[in-house]
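Undergrad: Make a model of this:
(2 chains)
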There are 2 protein chains.
Amino acid sequence: MASSSGQSVFFFAAGETEGNAGMKELLGGKGANLAEMTALGIPVPPGFTISTAVCSRFYQSSQKIPADVITDVEKSLLRVETKIGKKFGDRENPLLVSVRSGARASMPGMMDTILNLGLNDETVEGLAKKSGNPRFAWDSYRRFVQMYSDVVMGMNSSFLDVTLEDLKDEKKYKLDTEMKTEDLQHLVKKFKAQIFEATGQKFPSDAKDQLWGAIGAVFRSWNTPRAIAYRGLHGIPESWGTAVNVQSMVFGNMGDDSATGVAFSRNPSTGENKFYGEWLVNAQGEDVVAGIRTPNNLTRDEAAFHNAVGTSLEEKMPKIYTELVDIYKKLEGHYKDMQDMEFTIEQDRLWMLQTRNGKRTAPAALKIASDMIDEGLITEKQALIRLDAHSLDQLLHPMLDPKAKKTQLAKGLPASPGGACGQIVFTSEEACDWREKGKKVILVRIETSPEDILGMVAAQGILTTRGGMTSHAAVVARGMGKCCVAGVGDVTVDYLKEEMRVAGYVLKKGDIITLDGSTGAVYLGEVKTVEPKLDAVFERVMKLADKYRTMGVRANADTPKDAITARDFGAEGIGLCRTEHMFFGADRIDVMREMIIAEGKAEREEALERLLPMQRHDFLELFKTMKGFPVTIRLLDPPLHEFVPHTDDETRDLAERIKVDFERLRLKVKALHEFNPMLGHRGCRLAITFPEIYIMQTRAIAEAAGQLVKEGMKLVPEIMIPLVGMDSELLKLRELVVKEVEAVQKEMAVKFDYKVGTMIELPRAAVTADEIAVHADFFSFGTNDLTQTTLGLSRDDAARFLGSYVSEGIFKADPFVTIDQIGVGKLVKMAVDLGRRTKQDLKVGVCGEHGGDPDSIQFFQKTGLDYVSCSPYRVPIARLAAAQAAISGSGLASGGETR
Amino acid sequence: MASSSGQSVFFFAAGETEGNAGMKELLGGKGANLAEMTALGIPVPPGFTISTAVCSRFYQSSQKIPADVITDVEKSLLRVETKIGKKFGDRENPLLVSVRSGARASMPGMMDTILNLGLNDETVEGLAKKSGNPRFAWDSYRRFVQMYSDVVMGMNSSFLDVTLEDLKDEKKYKLDTEMKTEDLQHLVKKFKAQIFEATGQKFPSDAKDQLWGAIGAVFRSWNTPRAIAYRGLHGIPESWGTAVNVQSMVFGNMGDDSATGVAFSRNPSTGENKFYGEWLVNAQGEDVVAGIRTPNNLTRDEAAFHNAVGTSLEEKMPKIYTELVDIYKKLEGHYKDMQDMEFTIEQDRLWMLQTRNGKRTAPAALKIASDMIDEGLITEKQALIRLDAHSLDQLLHPMLDPKAKKTQLAKGLPASPGGACGQIVFTSEEACDWREKGKKVILVRIETSPEDILGMVAAQGILTTRGGMTSHAAVVARGMGKCCVAGVGDVTVDYLKEEMRVAGYVLKKGDIITLDGSTGAVYLGEVKTVEPKLDAVFERVMKLADKYRTMGVRANADTPKDAITARDFGAEGIGLCRTEHMFFGADRIDVMREMIIAEGKAEREEALERLLPMQRHDFLELFKTMKGFPVTIRLLDPPLHEFVPHTDDETRDLAERIKVDFERLRLKVKALHEFNPMLGHRGCRLAITFPEIYIMQTRAIAEAAGQLVKEGMKLVPEIMIPLVGMDSELLKLRELVVKEVEAVQKEMAVKFDYKVGTMIELPRAAVTADEIAVHADFFSFGTNDLTQTTLGLSRDDAARFLGSYVSEGIFKADPFVTIDQIGVGKLVKMAVDLGRRTKQDLKVGVCGEHGGDPDSIQFFQKTGLDYVSCSPYRVPIARLAAAQAAISGSGLASGGETR
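TA: Next up, the predicted model:
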């Protein structure tokens, strides 16, 4: 064996283990864990790991296994033989091994595995004799030939499958298990001939040759196209390489004293602290998975619960069961997390094949974390860190019943989670009408616009055929906590015929569909939903999160209803109140439109005059609901054409209602058209040209605040100017706001503090933040628009190519979901630094969609933001993610531990 | 007088002058120049300047003139009296003075002037007696009362105007000059009564009181709303303040031994080195300007040329003329520039009232600069620096005849200079048809799109009703050197009725209009144009510019025709060849469309196959024309929907032509629609989803280059990838390009060098330029798009509010014309620095519209760019501006000396 600094092969077996869990870089995840388990005194079939460093050497030496590695492998093999009392390639008592890859990071299904290696025409007889089960021996051999020829020799395995099926047909077998020893012997022979014919190579009969072939194949599997693609997608460097694990085989199918099973140290579905698992007597691991035989429960209690007294491992093999319980306790105590284990019992002897942190449902994750704190197993910080903040989403929305039968029609983007079921309608008007009649509807649109808000409120869920995760529909739906599946490209909508076509179906208005906003699936007909419950465990974890986080968490909320939801979820204020949504109410949209089409300032002011009391009422209610918690109000932002009708018919209706000439109205509406509305006449630009709009809004805020202050409430309204690019814009509008607030204070004879700040959502604002900060009491990053402008990427148009971008690995993640740290993030950091250079204690937050994304929250913590603001339904996620960010400093990825 | 460090009042008169031209900060521009002239021994009416520092003190002491300043002014007044032999307020021989403002920077028309100060009921008699002209004395008094009451006392001067007009009506006078002494005496009395009634103040009769009032008024004029607005617009700090100039009056209207005139040291229209000017005997300065009397020429030659022998100053007052000639030579020699002077002759004595660098036409500027080098008056560098690069534009396009009569209909943006006249057409098809029939047309569109290219080529000029200086129409027109007036908001176009409405006119298809692309004016009917001439002087100046500039100058050119123009104007290569323009030819647009609507890769490749030879031919011709000069070819950039028809009728036609189902085509076209095309599926994003497009274009370039290299030409094609935001995009596409070029080289058995670079036109590209530079041989800044994304401002939509932004002073200049240094410039600088950190000798240029803007060129020089690229017709401007930038380093503004 080489010197320890350059050691290539690491042996593991009771008392002689050379690796441990800390050596993942060198041994890969699987190898390190096998070594760790062995070292803990847990029975693991002995074996050895060829290090990842050898993988590089393999590629450097034209894909040959280096000579010193061959020597070391042979030495280790001898040690395995000694340990297990079998000999590799021996015709009497042959040692069989598995050969598996194991990289530093888990790459599930990406690389190859070979089992039963060491079998040939002679050793198979030894195995038959030793096991007393020739059929088992020949079936193992048959499987090995198939697997090896596929993985190592490049054989197209479907040819062998055909041969096998032909034989079954001929003999009229339905199941593989019906094949007799003779059949299997025949197949092995036939397979070998076919392999020679197809590949020109003889199937290796020498066990060592088999081994070298398998090791080389595992190394080569590191560079298959799918492995390369997977690495690209997950940012795994090629240089890491894979390790190779060679381990002696054990068999659970050697008779009634043999068995195989899986076990969880706690219930992965509920989190209950009870041992849980399934097993099958006289079976191989794959039989448990394959579902041909129904496995039994591990524990007596579970068996009794399922009316199957006497079938549990606890009852059938009490000694082994006790041993297994000792082991799971040891493993859980060691890894300090719920364990998912695989075991095999070979002729009354228990072997552990794998342990790993178990996957669990979101409620289970909370329960386990909470319990483990109480058990003193982990600290509060550890408990928080290992939760997956994303998964909390599951708890906050109604879910489709996982047991229900479903017919999937199409799949779109999981834009806003939850399940929803209802009758299809194609217009917002109809959504409202039907809802009033007590019907449940799904609003189906090609895309939505602010006019659709009321329809979205009325609907159970929203389906759009265009737009991405941050399209209008998606953002608004998430804000409402309403189920939404966006960008379902396979659905064609025909508004005229009032129908949609998908997967061969033509669905008419009134037909029922079901949406799963958590997966993006669209189902035919009704699928039952189940309601979420927020229990004490949830509340406890949230309180813990609040204890550790340093960033504030606010919500984006436009209405008292949203605000109540936000408060219920623990928001500490409103970070973004979008005043434009207030203008879509049936009682005011027409007044808003009159304002927009006004000829000249006087006419415009007349309409604004009528909007003022409505707007004041909005703020009054919002302030009351928030009881003094901070409320940031963004003055009007969207381009005015978003408020006007778009078809001639709608325009004609409006003209009649508000009594203006149709032609004048039509021309006015047409003149509002913009080529790139995202970059058009919106945000503070509206107020530079029409200052009276912001003056009205400011007055409404100030009058509402004034009234409440007079009534004894303490509040500090925060007025936010959107889309500032130039410091001079903010200077001008700040002056306008201050002048109006002071006028109101004088009129009402009341004084209150207030703040005037700005969105940072244009690259120019970011790079000149030092100048802008002069006129700003606070900054709030509008990372949606900042992402759009920095990347030059319209979120509404990106859907059609964002897919290619993610699959080609150009984007690691959708930049509208997780902030692009390298690009957009650089501008955010620059703006924070420049802004604080001007005002050391400048308050800085974020109110874009990224404010509710755990990975982005990590970044915001690192960048020194004071708070994040997100949709009410993401507040718990943000609270947890903020705590994780605070705990992990700048290092750990959120929730990474539980995967 | 105070100590010299704090001196407040600066006297000027022959032999006793206390200031000079270097003291503009303290004395203002006018005061410093009066002192300088006096010090040169030139006869200037004596007087004194109250410094700008006093202005601040005036405001600090509640708008009172400080006591020490009063003392100093009185002392200086005594010195003036002594010099001139008259006494202020004296009833026998009264000294009269003018009181004028004079700030550090010129603020034309922004502040106030008072003449004839010192007149009252007594001194007016002295003046009458002394001048022997009572009418002159009373008319001066009458004017003084009007002026003083307006400027100092806040009198609404229109009341006095009414009184004057009433008197003229009553007496049936037509002209002011018909008024008699008695009339004027009556008016003065009446005026004073009116003033008392309106203001409650008596008109001051004491000369000193008049003086203090006037000085205070001048200081106050520094803070009038219009002065504040002007300062805001021109970035003049309030703290500078204004000086006050008090100067003894001289009169050119005291008889036939008196006169007044203006003189230029060289001809301001042609630049010819000949003394030039006009004068009037027995007249005041304003009479020359007012146009009531026709002035005579100064020189004998000019008078003879105008058949007016004997009328010149040279002939009438030879002694004075000689004195004037001496003075102008002295002044020109001193200031080393052509001088524009005002003089007055009072009773046979010459007084110089003003001298300044004279305005001149563009040809005159070139001639004067060229001559002065030869005369040894200035250096080559000085000559270049003082030219106004912008003004060269005048030389490069046909101009409207300045003498022609015109009826202006409307004014838009001067989008592309030159004059153009023709019949109105509303579609590109018609433009082409009519042109073929030999008609001259003006293409009138609401806006243009790439489909309109052929129509624009066919038209004499283009008028659009929407879009700004960098709208599609504007950019393309400038590239073609074609007259364009853009964004004429007052014009309403009705395509259906084929008419446009403007200023009450309804103009039909076929009606004639004329455009002035240099001013933005639109005229009714035909206005004659004159052709430009590029003479030897122009060529000489261009060569001089080339001698001094350090940045390269290339042109943006898409066709061999453009390329020839570019070479003729001295371009050293093509910095941007936009390949999309190549696809609009009648023979290929339908093939392009087939490619776009193709179902799947195979169909797409089939269409591309047919485009390949056409594209190859394009590049072959372009390379041939450029004879080895560098050519940068940008691969396809615009979103695909720009190439497809937009109406159902056009779509139906196309469907028939290319034999596809109309409905399929319509849906495909509809699916291409984007909300924000600027931020959509375009640029390199097209090639990530459809790599075969760039592969075809690369092949066409490589095959063309390969053929020419085989024929012995040396060329290094530069392939440019647009809209890169992520380094991974460039990495992928670079690999694609390299692979294809190498394949072609192998097929053709030829080798040539080539470069692969990228546009930097997204903020993300700028902030991650270090990563992008790894894969780039060169950067070219697309400052148009970089401005749009950095500012979040669509150039096509900005027109409707850009006006407010410039007039409100938020933008100093249109950011699409002159680069926004603070914001966009910061990103450019960052990208250059980051890029060169990765590759020290990275070649960096700019190919946005800013590449032809002198102020932007200054910035690019400072930022270390290697070259600028602009439309062919701006190449001479860029050559000169680049020379100026190189000479001035980072200091002087281009051409600032000539204003």
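Undergrad: Tell me where the stretch 101-250 of chain A has strands.
TA: A:113-117, A:242-248 (DSSP state E, counting those that start in this stretch).
Undergrad: The longest one vs strand A:113-117, what angle?
TA: Here strand A:242-248 runs at 30 degrees with respect to strand A:113-117, directions being taken by axes from the mean of the first three to the mean of the last three CA atoms, to 10 degrees.
Undergrad: buried sites along the helix or strand following strand A:242-248?
TA: As assigned by DSSP states H and E, the chain's next helix or strand after strand A:242-248 is strand A:259-264. Neighbour counts over strand A:259-264 (16 or more other CB atoms under 10 Å in any protein chain shown) mark A:Ala259, A:Thr260, A:Gly261, A:Val262, A:Ala263, A:Phe264 as buried. (Glycine included, C-beta is placed from N, CA and C.)
Undergrad: quick one: the strands in the stretch 351-500 of chain A?
TA: Applying DSSP E, counting those that start in this stretch to the stretch 351-500 of chain A gives strands spanning A:399-400, A:408-411, A:413-416, A:419-425, A:441-445, A:461-464, A:483-486, A:492-494, A:499-502.
Undergrad: elements contacting the fifth one?
TA: Looking back up the chat, that one is strand A:441-445. strand A:419-425, helix A:428-436, helix A:453-458, strand A:461-464 (3 or more CB pairs under 8 Å, 6 or more residues apart in numbering or on different chains; DSSP states H and E).
Undergrad: The first one too?
TA: Counting contacts by 3+ CB pairs under 8 Å, 6+ apart, the secondary-structure elements packed against strand A:399-400 are strand A:529-530.
Undergrad: Does the strand it packs on pack against any helices or strands, and if so which?
TA: Using 3+ CB pairs under 8 Å, 6+ apart, strand A:529-530 sits against strand A:399-400, strand A:419-425.
Undergrad: any idea which of the ones you listed is most buried?
TA: Among the helices and strands packed on strand A:529-530, strand A:419-425 has the highest mean neighbour count (mean count of other CB atoms under 10 Å in any protein chain shown), at a mean of 23.
Undergrad: List the contacts of the residue in the stretch 501-650 of chain A that chain B sits nearest to.
TA: Going by CB to the nearest CB, chain B is nearest to A:Pro639 of the stretch 501-650 of chain A, at 8.7 Å. Listed by CB atoms under 8 Å, 6 or more residues apart in numbering or on different chains, the contact set of A:Pro639 reads A:Leu672, A:Glu674, A:Pro677, A:Gly680, A:His681, A:Arg682.
Undergrad: switch to 10 Å and redo it
TA: A:Pro639 makes contacts with A:672-674, A:677-683, A:685-686, B:797, as judged by CB atoms under 10 Å, 6 or more residues apart in numbering or on different chains.
Undergrad: Just flag the most distant two among these.
TA: The span of the contacts of A:Pro639, defined through CB to CB, is set by A:His673 and A:Gly683 at 18.0 Å.
Undergrad: what about the two, which has more around it?
TA: Counted by other CB atoms under 10 Å in any protein chain shown, A:His673 and A:Gly683 do not tie: A:Gly683 has more neighbours, with 26 against 14.
Undergrad: Might you enumerate the residues of the stretch 401-550 of chain A proximal to chain B?
TA: Neighbours of chain B within the stretch 401-550 of chain A, by CB under 10 Å from any CB of the partner chain: A:Ile446, A:Glu447, A:Arg466, A:Gly467, A:Ser471, A:His472, A:Gly489, A:Thr492.
Undergrad: Quick check, the fourth one in contact with A:Glu447.
TA: Translated: A:Gly467. Yes - between A:Gly467 and A:Glu447 there is a contact at 5.3 Å, judged by CB atoms under 10 Å.
Undergrad: For these two, work out which one has more neighbours and name it.
TA: A:Gly467 (28 against 18).
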